[in-house]
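In: pasting the sequence and the predicted model now:
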Amino acid sequence: MKLTPQEILNQVFSTKIKGYNPEEVKSFLQQIVETIESEIQEKEGLKVKMEKLRESLTKMEKKKNYCVTP
């Protein structure tokens, strides 16, 4: 099951006697969300960079093939 940062942040837990401190849980979930959002942004940036590198490689390969004489 894939979760989005917003789904993590909006998750609600039931409470019981001697349960977890709700503020600690919320704080921890916020840290998780921030980490995941950062990772998502980094991944998207790497995708863009990879595509630019692929385009550059394709151009270089075409140029090399053009310059080679049979």
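Out: That came through fine. Residues are numbered from 1 along each chain as shown.
In: worst-scoring helix or strand of the chain, pLDDT-wise?
Out: In the chain, the helix or strand scored least confidently by mean pLDDT, DSSP states H and E is helix 5-10, which has a mean of 87.
In: so how far is Asn21 from Leu46?
Out: Look at Leu46 and Asn21: by C-beta to C-beta, to the nearest Å, they are 37 Å apart. For glycine as for every other residue, the C-beta is placed from the backbone atoms N, C-alpha and C.
In: helix or strand: which one has the most centrally placed residue in the chain?
Out: Against the mean C-alpha coordinate of the chain, by C-alpha atoms, centre = their mean, the closest residue is Ile40 at 1.7 Å. Using DSSP states H and E, Ile40 sits in helix 22-67.
In: SS state for Thr15?
Out: For Thr15, the assignment made with DSSP: H, G, I helix; E, B strand; the rest coil gives coil.
In: okay, now the closest residue in space to it that isn't next to it in sequence: neighbour count?
Out: Excluding the flanking residues, the one nearest Thr15 by C-beta to C-beta, 6 or more residues apart in numbering is Pro22, at 6.8 Å. Using other C-beta atoms under 10 Å, Pro22 has 11 other residues around it.
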